[in-house]
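Undergrad: Fold the following.
(chains A and B)
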Protein chains: 2
Amino acid sequence: MRINDDRLKNNFEALSQIGATTEGGVHRPTFSPAHLEARAWFRERSESAGLDFQIDNAGNHSAVMLCANSDAPTLLLGSHLDSVPNGGRFDGAIGVLSAFEVLLTIKDEGIKLPFHLEAIDFTDEEGTLHGLLGSEALTGILKSEDLISPRGGREQFLSGLAEAGLTEEGLFSAQRSPISLAGYLEVHIEQGNRLTNAQADIGIVTSIVGINSCTLTFIGRADHAGTTPMDERLDASLGASAFTLAARKLVMRDFPDCVVNVGAMDFEPGAFNIVPAGVDLSLEFRAPDDGTFEHLKISLLALAEAEAHRYGLSLKAKFLGKHEPAPLDPDIQEVFKQAAESLDVKAISLASFAGHDAQSLARVCPAGMIFIPSVGGSSHSPREFTEWDDCVNGANVLLQAALNLVNSYLSIQD
Amino acid sequence: MRINDDRLKNNFEALSQIGATTEGGVHRPTFSPAHLEARAWFRERSESAGLDFQIDNAGNHSAVMLCANSDAPTLLLGSHLDSVPNGGRFDGAIGVLSAFEVLLTIKDEGIKLPFHLEAIDFTDEEGTLHGLLGSEALTGILKSEDLISPRGGREQFLSGLAEAGLTEEGLFSAQRSPISLAGYLEVHIEQGNRLTNAQADIGIVTSIVGINSCTLTFIGRADHAGTTPMDERLDASLGASAFTLAARKLVMRDFPDCVVNVGAMDFEPGAFNIVPAGVDLSLEFRAPDDGTFEHLKISLLALAEAEAHRYGLSLKAKFLGKHEPAPLDPDIQEVFKQAAESLDVKAISLASFAGHDAQSLARVCPAGMIFIPSVGGSSHSPREFTEWDDCVNGANVLLQAALNLVNSYLSIQD
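TA: Numbering: from 1, shown residues only, chains lettered A, B, ... in the order given. As a prediction, the model looks like this:
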C-alpha cells in the first residue's frame, strides 16, 4: 500500500501559497493571519474529504478517523503548520500533510483500524509564543508558571491567544489522559546534513536535545556619546558583544555536542548619540542530555557575569522556557526501521538537534519520529528544501509504520 | 545689569514639567507631543511678555525684539527645546531660556539696540530626524540630498514634518541671507567634566568637533540555531560584536582626541532559534579637525571590513549625516571673555565634543558659544544636572556679551 503522491503534492503546493514570501518560503508565525489561514485550509480540506475535524482548547487542529470502538485509544500522527518568521515551506507542514495523507489513504483503502487515527497540527511549535505550546498542553506538561514569562513576551502571548479565540486558563483543559493515547508518530525534515552525508533516505530519531532560552540583560549607564571620555563609559554594548564572541568559543571548545545562538539584541535607549545603558540579549542553547544541559547553562551564566564585570556592567538573566532532553521510544524506532526496510529505503539512526512536538508526547506515550533529508541542511530559512521523492518516502514510511502498529497493538490486546 | 534670576528659574521649572520622566529628566524627541507642547509654551510665554513671535518654514520658533531700523541685521541668541529620548532637563532648554531671559531683561530695562534681537529655538538639534535640521535650514547648509537618508529614517522624517505642519520643500525657504545676521551666541551645558576639573564657571568654546553617523550592516545567512553546526554558520552577530569591541580599542589607542559609539544594533530576523542573517549597527564617531575626521572614518570602515571577512560575512555601510568640524569666531570668543571678566566669573577656553547649532551658524556669521558646568559630566540622561548659580552665570554672561556686541557693532557702522 502506498500514499497518493499526486494528492500529497497538490496539498503541499496549495499550503505553500499561504503566507508565501517573495524569497520562496513562508511567513506563518503562530496566530498570524497566514497561520490562521493555513489552519482554516487544513480544516476545509479535511471536511471536504469526509473526515471529522476537531479543535481543542489549545488550538490544536485535528482531522480524525474514528474506529468502531469508541473506547479505543488514538494513534496520533502530526506536526505543525506554524513557521518561524520568514521560514521555509517544509518545516512542520510536510509532517501535517503526511499525517493527513495517511488518513486519506487508509480511508480510500477502506481499512478498519482497532484505534482512532488522528492527524494533528500542534499550536506554536516554533516558539513565537512559548514553543511546543499545543503538544505541552495536550500532554499536560504545560504548567501555569511556564506562562508568566513566555519567550515571545506576555503581551504577545495573551493577544495571540485572543486572536485565535483561546484563553490562558482554557489551555490546560486540552490535556488528554495518557491511556487515551496509543502512540505518536511524526515525519519532519532533518534541518541538517547528516542524512545527505550518509546517503540515507530516512533518519530514525533516537532522542531530542534539550533547549533553554533566556534573556541576558547587560546594564551600564546612558551617557553623551561625544562628551563622555571613552574610558569613563559604562557601555552595555561591550558586555553583550564580548559575551556573544566568548559564548561561541566556549561551546566550540568545551561543548562539542551542544550549540548556542544569540538571536537578537535590543539596545536601550538605542540612539546614535547615546552610550547604550542596556542591552537585552536573546540567548538559546541546546544539549543532548541532562548533565551536559545543566553544565552548559552554568558555564554560559558564569561567562556572562565575567564579561559584564570586565566592562563595569551588571547582569540580569531571565529564563524564558526550557524543554528537557527527550529519549524516544525504542519499540517505535524498531517499527520505523521495519517499515523503511519493507519499502526498501535506507534508514539510519540519529539524535535531533531541533526541538519537536514528539518530545512532549514522549513523556506520556510511545513516541517516535523520522527525518527526511534537507538539501544543504538549511531550515528556518526560505532556502529550506527537500526533494519531492524524499517527501513521498517519508509519508510512505509513516503509513507503513501506522499499519505495522496495528499488529503490535492487537498483539498487546490479545 | 543682571538677568532676573527668579523669572529664569520659574520658566525653567515650568518647562521641565513638559515631557517630564519619572527618572527626573525629560523625553522630548523632535516633533513628539511633548516637544510640540514645549514650543507652544515658549510661544505663549513670549507673547504674554509682549514680544513678537515667529515660526519659520523649518519650524524654528523665535521670540523677537525688533529695533527701530527695519533694515538692521539680527543678533540671534538660542539653542533648542528638543531632547534625546529619555534625556535631561538642561541640554538645549537652558540655552533657549537664557536667550529669552536676555530679551526680557533688555525689554524691562528699556534699552534700544541698533540691531534686532531674537531668541531662537532650533528644530531637531538632537538628531531624532537629521540633526541640526533647523540651524542648517536657516543658514542654507541643508541640501536636498541630505534628506534622502536622514539618520532617523526617511519615514519618520516625513511623518515628523507632517506632525509639525511642515514640508520637505518648505525647509529650504527658511534660509536667511548672511547679511541679515549680525551674529549668533549660545549658552549650553558642557556635558563633560572639564569645567569642574578646572574649577571654572564658564567655558568659551574654540571649535566644535565633526560628527559622522552611519549604519553598518553585517550580512550573513539565516539558519536553524539547533541543527546548523557552529562552524558552518554565517552569523552576523559575530561581525557586529567583534567590530564593536575592536572599534573602541582602535579609537582609544590610535585616536585619543576622538570618540566612537555603537548606539544600537538591529538583528534580522531577530528570533531566539534563528542564526542572525543580518545586523544593522548604528555607528557614530567624532573628531576635532578635518584630517583626523577623514582618517578615523577610513580606519573604522577598514576595521568593519576586516571583522566581517573574519566571520565570512559581507558588509554594507550607509552614511547618514555628517557635520564638519567648526572653528568658532575669535572676536566673539574675546567678547565672551570680557563679559566673564566684567562679571567676575572664571572662564576657560575649550573645544566642544558635542555638536551644536553654533557650528551651522559659524558657517555664515560670527558665532560663539559658552558652556556652563555639568555636575558629574553627565548628559543625554536623566542624571544631567547643572547648579542653579551656574545657570544664572551663563545667562548673565550671555546678556553682557550681547550688550558688548552693541559697542563693536556701532564701531563697525561708524
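
Undergrad: name the helices or strands packed onto the lowest-mean-pLDDT helix or strand in chain A?
TA: Ranking every helix and strand in chain A by mean pLDDT, DSSP states H and E puts strand A:223-224 at the bottom, with a mean of 86. Helices and strands touching strand A:223-224, by 3 or more CB pairs under 8 Å, 6 or more residues apart in numbering or on different chains; DSSP states H and E, are strand A:274-275. No exception for glycine: its C-beta is placed from N, CA and C like everyone else's.

Undergrad: partners of the strand it packs on, with directions?
TA: Using DSSP bridges, the strands paired with strand A:274-275 are strand A:223-224 (antiparallel).

Undergrad: just for chain A, where's the confidence low?
TA: Applying pLDDT under 70 to chain A flags the ranges A:413-414.

Undergrad: hmm, back to that, centre of the chain to the least confident helix or strand of chain A, how far?
TA: 43 Å (CA atoms, centre = their mean, to the nearest Å).

Undergrad: for stretch A:73-91, same thing?
TA: 8 Å.

Undergrad: Not including adjacent chain positions, what is the nearest residue to A:Glu311?
TA: I think there's a mix-up here, since residue A:311 is Tyr and not Glu. Spatially, and ignoring its direct neighbours in sequence, A:Tyr311 is nearest to A:Leu238 (4.3 Å; CB to CB, 6 or more residues apart in numbering or on different chains).

Undergrad: From B:Val275, how far out is that neighbour?
TA: Distance of A:Leu238 to B:Val275, computed by CB to CB, to the nearest Å: 23 Å.

Undergrad: Same check on A:Glu37?
TA: 28 Å.

Undergrad: okay, those two: which has more neighbours?
TA: Remark: of A:Glu37 and B:Val275, B:Val275 carries more neighbours, 28 against 16, as counted by other CB atoms under 10 Å in any protein chain shown.

Undergrad: Leaving out the residues flanking it, which one is nearest to that one?
TA: B:Asp223 (4.3 Å).

Undergrad: what about the one you found, how many neighbours?
TA: Quick note: B:Asp223 (other CB under 10 Å) scores 28 neighbours.

Undergrad: That one: what's it in contact with?
TA: For B:Asp223, the contacting residues are A:378-381, B:232-234, B:274-275, by CB atoms under 8 Å, 6 or more residues apart in numbering or on different chains.

Undergrad: Show the buried residues in those residues.
TA: Burial by neighbour count, judged by 16 or more other CB atoms under 10 Å in any protein chain shown, picks out A:378-381, B:233-234, B:274-275 from the contacts of B:Asp223.

Undergrad: A:Lys318 - how many residues pack around it?
TA: A:Lys318, neighbours per other CB under 10 Å, totals 11.

Undergrad: got a list of what the closest residue to it other than its chain neighbours touches?
TA: Once flanking residues are discounted, A:Lys318 sits nearest to A:Thr215: 4.7 Å by CB to CB, 6+ apart. The contact partners of A:Thr215, by CB under 8 Å, 6+ apart, come to A:280-283, A:317-318, A:320.

Undergrad: and what of A:Leu281?
TA: Per CB under 8 Å, 6+ apart, neighbours of A:Leu281: A:215-218, A:240, A:243-244, A:262, A:264-265.

Undergrad: Given the helix or strand containing it, what are its sheet partners and their directions?
TA: Element membership of A:Leu281, judged by DSSP states H and E, is strand A:278-287. If you go by DSSP bridges, strand A:278-287 pairs up with strand A:210-219 (antiparallel), strand A:259-268 (antiparallel).

Undergrad: Mind exporting the C-alpha coordinates of it to CSV?
TA: What follows is strand A:278-287 as a C-alpha-only set of coordinates in CSV (Å, rounded to 0.1, in the frame of the first residue of the first chain):
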residue,chain,number,x,y,z
GLY,A,278,21.3,48.4,28.5
VAL,A,279,21.3,45.5,26.0
ASP,A,280,18.8,42.7,26.2
LEU,A,281,20.4,39.7,24.5
SER,A,282,18.3,36.7,23.3
LEU,A,283,20.2,33.5,24.1
GLU,A,284,19.3,30.0,23.2
PHE,A,285,21.3,26.8,23.9
ARG,A,286,20.8,23.1,23.3
ALA,A,287,22.4,19.9,24.8
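
Undergrad: between the buried ones among the contacts of B:Asp223, which is nearest A:Thr123?
TA: Set against A:Thr123, the nearest of the buried ones among the contacts of B:Asp223 by CB to CB is A:His380 (18.4 Å).

Undergrad: So for that closest one, what's the nearest residue that isn't a sequence neighbour?
TA: B:His224 (4.3 Å).

Undergrad: Please verify my assumption that that neighbour contacts B:Val275.
TA: Yes. Using CB atoms under 8 Å, B:His224 makes contact with B:Val275 at a distance of 7.4 Å.

Undergrad: centre of the chain versus stretch A:329-346, how much separation?
TA: 23 Å.

Undergrad: Chain B contacts on the stretch 251-400 of chain A?
TA: A:251-252, A:259-265, A:267, A:269-277, A:282-284, A:286, A:353-355, A:377-381 (CB under 8 Å from any CB of the partner chain).

Undergrad: Which of those are buried? Put it as a ChimeraX command.
TA: Of those, the buried ones go into a single ChimeraX selection, burial set by 16+ other CB under 10 Å:
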select /A:251,259,260,261,262,263,264,265,267,269,270,271,272,273,274,275,276,277,282,283,284,286,353,354,355,377,378,379,380,381
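
Undergrad: ok, back up a step: for the residue nearest to A:Lys318, which residues make a bridge with it?
TA: The partner residues for A:Thr215, given DSSP bridges, come to A:Ser282, A:Lys318.
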